[in-house]
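In: take this sequence and fold it.
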Amino acid sequence: MFRFAARVIIAIVVNALGIIAASKYIPGFALSGDFRELLILSAVFTALYLVLRPVVKMILGPFLLLTLGLGLIVVNATMLYLLDFVSKNLMINGVVPLLEATLLLSVLNFVLHYAEKE
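Out: I've put the predicted structure just below:
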């Protein structure tokens, strides 16, 4: 139980760092609010990533297999778009910033997942 809670807290921190990096370096990706709101935003993104993403991956399994896993970018972009849709503190202006932020957050989550296995 404590190990799972620690993994979730680490995921929230990594996603918060990724959102900060995306807002700083990706034009068209804007973040407003203070540190508390950033943590809430990151917690919502982590919840979407942990709860909704596996369900979407299961539903789109044949599509993901057909695209040799590149469809995961679409799944991750959908999670980020949902976060943009439900949050007033995050604004993504266009498809290119969405894809760039998706790639950044996907790489960070991949590194986190790989580090957890070691």
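
In: drop to CA atoms for contacts and neighbour counts, all remaining ones
Out: Noted.

In: low-confidence stretches in this protein?
Out: For the chain, the stretches with pLDDT under 70 are 118.

In: now do the strands in it.
Out: All strands of the chain, identified by DSSP state E, fall at 29-31, 90-92.

In: contacts only, for residue 108.
Out: 14, 15, 18 (C-alpha atoms under 8 Å, 6 or more residues apart in numbering).

In: contacting residues for the second one?
Out: The one in question is residue 15. Residue 15 sits in contact with 42, 45, 46, 105, 108, 109, where contact means C-alpha under 8 Å, 6+ apart.

In: so which bits of stretch 105-118 are buried?
Out: Buried residues in stretch 105-118, counting neighbours by 16 or more other C-alpha atoms under 10 Å, are found at 105, 106, 108, 109, 112.

In: how far is that stretch from where the chain is centred?
Out: Relative to its chain's centre, stretch 105-118 lies at 12 Å (C-alpha atoms, centre = their mean, to the nearest Å).

In: what do you get for stretch 42-53?
Out: 7 Å.

In: can you show me the helices along this structure?
Out: 2-25, 35-47, 53-59, 61-66, 71-86, 95-117 (DSSP state H).

In: residue 60: which of the buried residues of stretch 105-118 is nearest?
Out: The nearest member of the buried residues of stretch 105-118 to residue 60, counting by C-alpha to C-alpha, is residue 106 at 17.9 Å.
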